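>>> missing the sequence, but the structure's below:
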């Protein structure tokens, strides 16, 4: 009797465990469908669930025996020695070479040769006068100054005349192509060059403002022209680092406006200034396509270089160095210690999991990412509706982050990447329009100054200068309307209404968060 009770309890416990396992499998399968896990994971869960329910009992033991054998084989495979020599992260080298050939400029016409020569020869620690008081630094870059006001800075500039002379050579070159490394994260040199460009910009700003302050007008405006050309060069680059370089133009345009209004420029100087800022009128379509092509390739390289490896014979496999890549990526490999034996085996075991998540090949992964990026080509069209807000990043239970959907499905990772890129492209377009607004506004300022020279007064409205500027110069690209022009006691005020086209009270006060004032310049407190 006691034996029967124990058998009954044991059978009941087995049934409970069986139903719990079936319930758990069912929940996992439903959850995998909800979070859109990879098809391989869904099929695996469905097979296990079917084996526990639909498969006849006489075959179930053979099924589980096969599963056990497979698991044993995989464990043995993980601990087998493996030759990893000759394998490297997979990158789309052919596509990188094709893009480089598409946009490259001949060396003799490429300003990048000048930049790279400076990058290799100069000591980066000498590019910036670290001894300057921050307020002096700000003033010296934002307005003309005299050598006696900042003698230490003037002496520092004297020691950098050779670098300034080399930088002035870039003004002669319209084309600039800075090669982008094919690797996903191997852009150290690109980042270094971008940082150095900021230092060179400051150097020329100090020198140009000192020239203007000391009365060396032609030398000063030549440096302004060179700075505009440097900004143009950065706008030709394929990576979205040019977002920062758009911002370089704003202070340069402000300085040119200050010179035009406050000094007594000649007609020839006005003409040259107008020509210097009229080149990159509106190249959004071609600029954005270039950025999109490189951005898409960079994302493909980023994922595939971490997920796949290739050897000299072109054989591709899932990466065995996932742990290293996840910690720091290819750029920082020299800073990461060699993984231990257990870490290497863990990386290899991770390959088995990745087989269920990642596409079967890098080409397949690239095709999926291409599909998500395809619709962004519409952003290059003039008719694209930029008023539509980009999709929000998914953070709810049924979409992404809390369940780490990107770890369960490559498609989710690709979609997440595309959404991130779309938000960046909207910001990129906003910044592009902002700088285009300032460019056109500067051309209006030049026409207003010419009117003032000819008539001894400022015009009543912008209609008076229509004949002296191209039609597009009077169109505010932020809203396709007109600029706001108002006469004041000591001159005039010119600004953009902004994207919403409304002249909101207080919005355009200098130093405001949405300041698109073209003239007068922002008020700066002097501390001399």
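Thanks, I have the structure now. Owing to the predicted nature of the structure, the values given are computational and were not obtained by experimental measurement.
>>> so which helix or strand of the chain has the lowest pLDDT on average?
Ranked by mean pLDDT, DSSP states H and E, the helix or strand of the chain with the weakest confidence is helix 322-327, at a mean of 44.
>>> after that helix, which helix or strand is next? Please name it.
Using DSSP states H and E, the next helix or strand after helix 322-327 towards the C-terminus is helix 341-357.
>>> C-terminal to that next one, what's the next element?
That would be, after helix 341-357 and using DSSP H and E, helix 362-373.
>>> would you map the helices across the stretch 51-200 of the chain?
Ranges of helices in the stretch 51-200 of the chain, per DSSP state H, counting those that start in this stretch, are 57-79, 93-103, 112-121, 134-142, 151-158, 161-168, 188-213.
>>> by mean pLDDT, show me the worst of the ones you listed.
The stretch with the lowest mean pLDDT among the helices of the stretch 51-200 of the chain is helix 112-121, at a mean of 79.
>>> where do the strands sit along the stretch 401-528 of the chain?
Taking DSSP state E, counting those that start in this stretch as the criterion, the stretch 401-528 of the chain carries its strands at 475-476, 481-482, 484-488, 491-495, 517-519.
>>> single out the most deeply packed of those strands.
Highest mean neighbour count of the strands of the stretch 401-528 of the chain: strand 517-519, a mean of 21 (counted as mean count of other C-beta atoms under 10 Å). Any C-beta I mention is one placed from the backbone N, CA and C, and that applies to glycine too.
>>> that one packs against which elements?
helix 242-262, helix 410-455, strand 491-495 (3 or more C-beta pairs under 8 Å, 6 or more residues apart in numbering; DSSP states H and E).
>>> isn't residue 436 right up against residue 475?
No - using C-beta atoms under 8 Å, residue 436 makes no contact with residue 475, being 10.0 Å away.
>>> mean neighbour count, the helices of the stretch 51-200 of the chain: which tops it?
It is helix 188-213: most buried of the helices of the stretch 51-200 of the chain by mean count of other C-beta under 10 Å, with a mean of 19.
>>> quick check: next helix or strand after it?
Downstream of helix 188-213 (by DSSP H and E), the next one is helix 217-235.
>>> now the strands of the stretch 401-528 of the chain in TSV, with distance to residue 410 and mean pLDDT?
Listed next are the strands of the stretch 401-528 of the chain as TSV, based on distance: least, C-beta to C-beta, whole Å; pLDDT from 0 to 100:
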stretch	distance to residue 410	mean pLDDT
strand 475-476	44	93
strand 481-482	45	92
strand 484-488	50	94
strand 491-495	48	94
strand 517-519	47	89
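>>> mind checking which of the ones you listed is nearest residue 154?
Nearest to residue 154 among these is strand 517-519; the distance by C-beta to C-beta comes to 28.8 Å.
>>> correct me if wrong: residue 42 contacts residue 32.
Yes - contact status for residue 42 versus residue 32: in contact at 5.1 Å, counting by C-beta under 8 Å.
>>> so what's the backbone phi/psi at the closest residue to residue 173 other than its chain neighbours?
With sequence-adjacent residues excluded and distances taken as C-beta to C-beta, 6 or more residues apart in numbering, residue 173 is closest to residue 111, at 3.8 Å. Residue 111 has phi and psi values of phi -60, psi -20 when expressed as degrees, to the nearest 10.
>>> state the pLDDT value of residue 111.
On the pLDDT scale, residue 111 gets 88.
>>> go ahead and confirm it touches residue 178.
No - Residue 111 lies out of contact with residue 178 (C-beta under 8 Å); the separation is 9.1 Å.
>>> quick check: residue 317 is in a strand.
Yes - membership of residue 317 in a strand is supported by DSSP: H, G, I helix; E, B strand; the rest coil.
>>> can you tell me how far it is from residue 157?
Per C-beta to C-beta, to the nearest Å, residue 317 is found 56 Å from residue 157.
>>> how about residue 300?
45 Å.
>>> now do residue 483
36 Å.
>>> do residue 385 as well
Counting by C-beta to C-beta, the gap from residue 385 to residue 157 is 49 Å.
>>> and for residue 339?
For residue 339, the distance to residue 157 - C-beta to C-beta - is 50 Å.
>>> what of residue 479?
41 Å.
>>> hey, what's the closest residue to residue 517 other than its chain neighbours bridged with?
Leaving aside its sequence neighbours, residue 517 sits nearest to residue 495 (C-beta to C-beta, 6+ apart; 4.3 Å). Beta-bridge pairing for residue 495 (DSSP bridges): residue 484, residue 517.
>>> contact partners for residue 495?
Counting by C-beta atoms under 8 Å, 6 or more residues apart in numbering, residue 495 touches 441, 483-484, 508, 516-519.
>>> dump those into a markdown table; add distance to residue 374 as well.
Formatted as a markdown table, the contacts of residue 495 follow (distance: C-beta to C-beta, whole Å):
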| residue | distance to residue 374 |
| --- | --- |
| 441 | 36 |
| 483 | 37 |
| 484 | 40 |
| 508 | 39 |
| 516 | 33 |
| 517 | 39 |
| 518 | 38 |
| 519 | 43 |
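>>> so for stretch 28-41, mean pLDDT?
74.
>>> typed the wrong thing, it's stretch 411-430
pLDDT averaged over stretch 411-430 gives 84.
>>> going forward can the numbers begin at 748, since that is how I track them
Understood, numbering begins at 748; the last thing we discussed is stretch 1158-1177.
>>> next, the buried residues of that stretch.
Neighbour-count burial for stretch 1158-1177 flags 1158-1166, 1168-1169, 1172, 1175 (criterion: 16 or more other C-beta atoms under 10 Å).
>>> list just the nearest of the residues you listed to residue 1246.
residue 1175 (14.7 Å).
>>> any idea how many residues pack against residue 1212?
Taking other C-beta atoms under 10 Å as the criterion, the count of residues near residue 1212 is 20.
>>> contacting residues around the closest residue to it other than its chain neighbours?
Leaving aside its chain neighbours, residue 1212 sits nearest to residue 1194 (4.1 Å; criterion: C-beta to C-beta, 6+ apart). Residues near residue 1194 by C-beta under 8 Å, 6+ apart: 1212, 1215-1216, 1220.
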